[in-house]
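Participant: no letters, just coordinates:
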């Protein structure tokens, strides 16, 4: 199937053609016709399946047709809610790209920056608003945004939204939406709390399930190094001696860890930078732009900051820390091997993370290839008392970071 078989109008087809979009992905082929028919959607799709175009293209088309009937209207008619600033910017860019020849205007609002530029764009009038929950509620309370004209509502990355503590914000936003609207709900996983939330948002939805979270793209080659905690940085340097690994997205469990890894790589003349929630927004965008432009070889990221990082033809992802949630592994490595491209996922596993690997292999129903030519192999000996003490400190630090973040989210929600 090709895009021109999906009854997409010429202005959007022209934009898609310029981006070399020829064949729709599975979720695009399924979702676009249904959304054009004004059906509510409950979509399950993992990272890298082309989900943004699946909802952006038909929303643009419907708004384009509506605008021809009422040319003087410039109200917020479509709202997309997403958990992170990077992902919001990425979605906004996609609407701009696909809607290049339609005259449909969009803008993005998110926290962490001054609101002046965002409020000016809102005053000038937009058709589509992409927002993170906190800044959206803030601007609504200030009177800059009204949701009473919304015809299309998209909740994207719903599982991550709930993980980050946005449930109360989402509930407040939903109460401000018109009862009659088209709603689209996308989530990589569908646990009970997500299904329960979807029932409050959707009206007789059509369920679309593409590439469930338990699967990894067949184009991604996965390998695993068993090593010791103290050897990880040396092993990483050994791996990066391979000049073919020219651009890497590297995952750290903590913000502090991400900064330490980036500093260590710089000492060895490897161009690297860290991106996480403690960095200022302009710093994050500058770092991401440098990585996309090829000015950085290694981008070190935490899981939340990595949402929205969409690098064409990214071939390498390295898990410096193995995630303790198996689904997170699938999300991470899905940053490579996108849209049918080849990808490589390399994981460095210390003894305390061995159990995480077993959980991951159970989820993906695949044994990850172990690299035997490893100059820093994992030893069977028990940790020394000093190593145990360091490990316990690290665990305590991670725990404190988790509860501090959750407390901050609760405090933020209570303000609205």
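Facilitator: Looks like it arrived, so ask away. Keep in mind that this is a model prediction, so the values were computed, not measured.
Participant: got the contact list for the closest residue to residue 379 other than its chain neighbours?
Facilitator: Of all residues not flanking residue 379 in the chain, residue 228 sits nearest, at 6.1 Å (CB to CB, 6 or more residues apart in numbering). Every residue, glycine included, has its C-beta placed from N, CA and C. By CB atoms under 8 Å, 6 or more residues apart in numbering, residue 228 lies in contact with 350-351, 376, 378-379.
Participant: which two among those are spaced furthest apart?
Facilitator: Spanning the widest gap among the contacts of residue 228 are 351 and 376, at 12.8 Å by CB to CB.
Participant: what's the burial count for the closest residue to residue 22 other than its chain neighbours?
Facilitator: Distances taken as CB to CB, 6+ apart place residue 2 nearest to residue 22, at 5.8 Å, with adjacent residues excluded. Residue 2: 11 surrounding residues under other CB atoms under 10 Å.
Participant: quick check, residue 2 in contact with residue 23.
Facilitator: Yes. Counting by CB atoms under 8 Å, residue 2 does reach residue 23; the two are 5.8 Å apart.
Participant: so how far is residue 258 from residue 284?
Facilitator: Distance, residue 284 to residue 258, by CB to CB, to the nearest Å: 12 Å.
Participant: and if you look at residue 404?
Facilitator: Residue 404 is 16 Å from residue 258, by CB to CB.
Participant: repeat that for residue 132.
Facilitator: Per CB to CB, residue 132 is found 21 Å from residue 258.
Participant: of those two, which one has the most company?
Facilitator: Neighbour count, other CB under 10 Å: between residue 132 and residue 258, residue 258 has more, with 27 against 23.
Participant: what helix or strand is that one on?
Facilitator: helix 255-267 (DSSP states H and E).
Participant: now that helix, how far from the centre of its chain.
Facilitator: 22 Å (CA atoms, centre = their mean, to the nearest Å).
Participant: which residues touch it?
Facilitator: Contacts for helix 255-267 (CB under 8 Å, 6+ apart): 233, 236-237, 240, 250, 252, 272-278, 298, 300-302, 320-321, 397, 401.
Participant: now do the next helix or strand after it: which elements does it pack against?
Facilitator: Next along the chain after helix 255-267, taking DSSP H and E as the criterion, comes strand 272-275. Identification of packing neighbours for strand 272-275 by 3 or more CB pairs under 8 Å, 6 or more residues apart in numbering; DSSP states H and E yields helix 255-267, helix 281-292, strand 298-301.
Participant: if you average pLDDT over each of these, which is lowest?
Facilitator: The weakest mean pLDDT among the helices and strands packed on strand 272-275 belongs to helix 281-292, with a mean of 86.
Participant: what angle separates that helix from helix 255-267?
Facilitator: 50 degrees (axes from the mean of the first three to the mean of the last three CA atoms, to 10 degrees).
Participant: may I see the buried residues of stretch 75-90?
Facilitator: 76-90 (16 or more other CB atoms under 10 Å).
Participant: how long is it end to end?
Facilitator: Terminal residues of stretch 75-90 lie 22 Å apart, using CA to CA, to the nearest Å.
Participant: the closest residue to residue 362 other than its chain neighbours: neighbour count?
Facilitator: Of all residues beyond its chain neighbours, the one nearest residue 362 is residue 326 (7.3 Å), with distances taken as CB to CB, 6+ apart. For residue 326, the count of nearby residues is 19 (other CB under 10 Å).
Participant: list the contacts of residue 326.
Facilitator: 356, 359-360, 362-364.
Participant: span of stretch 29-45 from start to end?
Facilitator: 13 Å.
Participant: could you do stretch 329-347 as well?
Facilitator: 10 Å.
Participant: and it, which residues are buried?
Facilitator: Taking 16+ other CB under 10 Å as the criterion, stretch 329-347 shows 329-338, 343-347 as buried.
Participant: how far off centre is it?
Facilitator: For stretch 329-347, the distance to the chain centre is 13 Å (CA atoms, centre = their mean).
Participant: got it, and stretch 146-161?
Facilitator: Taking mean C-alpha positions (CA atoms, centre = their mean), stretch 146-161 and its chain are 16 Å apart.
Participant: roughly how far does residue 146 sit from residue 175?
Facilitator: Distance from residue 146 to residue 175, counting by CB to CB: 14 Å.
Participant: more crowded one of these two?
Facilitator: residue 146 (12 against 7).
Participant: list the contacts of the more buried one.
Facilitator: 75-76, 140.
Participant: same question for residue 220.
Facilitator: With CB under 8 Å, 6+ apart, residue 220 has these contacts: 333-334, 336-337, 342-345.
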